[in-house]
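Visitor: Got a predicted structure plus its sequence, pasted below:
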Amino acid sequence: MIPARVLDVLHTTPRTRQLRIALERPLTFRAGQAVFAGLAGTDTRAAYSIASPPSLGRQARLDLLVTADGVFGVTGLAPEDVQGRAVEIDGPIGQFGVPDAGVDAPLLLVAGGTGIAPLRSVILDRLEHDAPGPMTLVYSARTPDEFACGDELLALAEHGHLSVHLTVTREEAPAATVARTGRVNDALLRAALPAADAWCLVCGPAGFVQASAESLTAIGVAAERIVVER
């Protein structure tokens with residue numbers, strides 16, 4: 001357990017917030033892993049994927065992406081209510097992330113909703129290490145204003161660091177930055193796949209993960225190259 005404090009709460013979407021957390025000591029983790037987090041002095045904990053790269057953990061900092069309708073497993077606790085409060089972090093936990101065999105390989109990252117959190121960690125970590133393989137992100141959200149870290153991701157795409165495909169699932173006109181409406185499907189993933197030998201990381205709600213993994217298999221991606229997290 002690492003004592004920590006919430007430094008800042010950033011508004012990311014109408015339904016999510018990004019917590020910036022200062023730890024009392026560094027935390028070593030792999031991009032894609034998660035932690036348990038809770039208010040200090042309580043037994044209630046919630047699991048969150050780490051949304052920041054391992055380099056930030058070595059500086060005793062973490063970013064967590066949380067929903068706005070209850071933080072740290074406490075119903076009704078708003079993210080804004082935890083700014084400045086003492087928290088406790090346990091971890092890291094989980095095996096999600098880029099396998100050692102895929103460190104320099106092309107990557108296809110598929111995110112649904114808050115599933116972008118561990119994939120943001122992967123993206124930033126890979127950029128810091130100048131990995132040679134290309135990276136493509138397919139990101140699905142309900143509406144154009146629900147892409148957490150959307151501006152950051154589009155800026156990376158504008159500078160050529162990342163290829164980004166955004167899609168919204170609600171029946172409404174997409175924003176200018178969103179080229180597509182509809183769910184992630186075979187056609188979208190086939191168009192986004194950066195190479196036949198790409199490793200594919202999928203994170204989001206359980207149904208989204210299952211459907212995306214099935215689509216990847218349908219377009220010919222080998223099962224051992226599909227890594228999923230729910």
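Guide: Perfect, I can see it now.
Visitor: Now do the helix or strand hosting R120: everything it contacts.
Guide: R120 is part of helix 116-128, with elements assigned from DSSP states H and E. Residues outside helix 116-128 that contact it (Cβ atoms under 8 Å, 6 or more residues apart in numbering): 31-34, 48-55, 64-65, 96-98, 107, 109, 111, 135, 137, 139, 147-149, 152-153, 156, 161-162, 201, 203, 229. Every C-beta, even on glycine, is put in place using the N, C-alpha and C of the backbone.
Visitor: Just to be sure, which of those are found in strands?
Guide: Residues of the contacts of helix 116-128 located in strands (DSSP state E): 34, 48-49, 64-65, 107, 109, 111, 135, 137, 139, 201, 203, 229.
Visitor: now these in CSV, with pLDDT?
Guide: Putting those into CSV (pLDDT from 0 to 100) gives the following:
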residue, pLDDT
A34, 98
Y48, 97
S49, 97
L64, 98
L65, 97
L107, 97
L109, 98
A111, 98
M135, 96
L137, 98
Y139, 97
L201, 98
C203, 98
E229, 89
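Visitor: pull the helix or strand with minimum mean pLDDT from this protein.
Guide: Sorting the helices and strands of the chain by mean pLDDT, DSSP states H and E puts strand 180-181 at the bottom, at a mean of 83.
Visitor: CA-only coordinates of the next helix or strand after it in PDB, if you can.
Guide: Per DSSP H and E, the first helix or strand lying C-terminal to strand 180-181 is helix 186-192. Extracted C-alpha coordinates of helix 186-192, given in PDB (Å, rounded to 0.1, in the frame of the first residue of the first chain):
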ATOM      1  CA  ASP A 186     -14.800  -6.000 -39.300                       C
ATOM      2  CA  ALA A 187     -14.500  -3.300 -41.900                       C
ATOM      3  CA  LEU A 188     -13.200  -0.600 -39.600                       C
ATOM      4  CA  LEU A 189     -10.700  -2.900 -38.000                       C
ATOM      5  CA  ARG A 190      -9.500  -4.200 -41.400                       C
ATOM      6  CA  ALA A 191      -9.000  -0.600 -42.600                       C
ATOM      7  CA  ALA A 192      -7.200   0.400 -39.300                       C
END
